[in-house]
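Engineer: Just the structure for this:
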Amino acid sequence: MKELLGFIGFFALVQGVAGLVHEFADWNWGFVHRIGFLDGYEIYASVALIVLALALFAAAESRKSR
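Structural biologist: As a prediction, this is how the structure comes out:
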């Protein structure tokens with residue numbers, strides 16, 4: 001479970017950073033800008049993904065490894 005939380009957290013972190021890079025540097029990568037209902041809210045969604053990643057990393061660290 002710890003590895004799964006870490007993987008999902010890493011994926012969320014990469015996509016959040018990719019969304020911010022897309023908004024500020026106009027590089028065309030990541031999936032946040034491709035989702036239609038987030039049109040106009042890409043920065044908020046990217047920041048939310050980064051916060052989610054930090055929470056997932058914290059949850060993964062609190063799990064006991066077996």
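Engineer: any idea where the helices of this structure begin and end?
Structural biologist: Secondary structure of the chain (DSSP state H): helices at 2-25, 42-62.
Engineer: quick one: which of those is nearest I35?
Structural biologist: helix 42-62 (7.8 Å; C-beta to C-beta). Bear in mind the C-beta positions are built from the backbone N, C-alpha and C, glycine included.
Engineer: who does that closest one touch, helix- and strand-wise?
Structural biologist: helix 2-25 (3 or more C-beta pairs under 8 Å, 6 or more residues apart in numbering; DSSP states H and E).
Engineer: Now do the helix it packs on: which elements does it pack against?
Structural biologist: So helix 2-25, by 3+ C-beta pairs under 8 Å, 6+ apart, packs with helix 42-62.
Engineer: Now the helix it packs on: average pLDDT?
Structural biologist: In this model, helix 42-62 carries a mean pLDDT of 95.
Engineer: quick one: buried residues of that helix?
Structural biologist: E42, A45, S46, L49, I50, L52, A53, L56, F57, A60 (16 or more other C-beta atoms under 10 Å).
Engineer: ok so, going back, make a markdown table from the helices of the chain and add distance to G36 to it.
Structural biologist: Shown next, in a markdown table, are the helices of the chain (distance: least, C-beta to C-beta, whole Å):
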| stretch | distance to G36 |
| --- | --- |
| helix 2-25 | 14 |
| helix 42-62 | 11 |
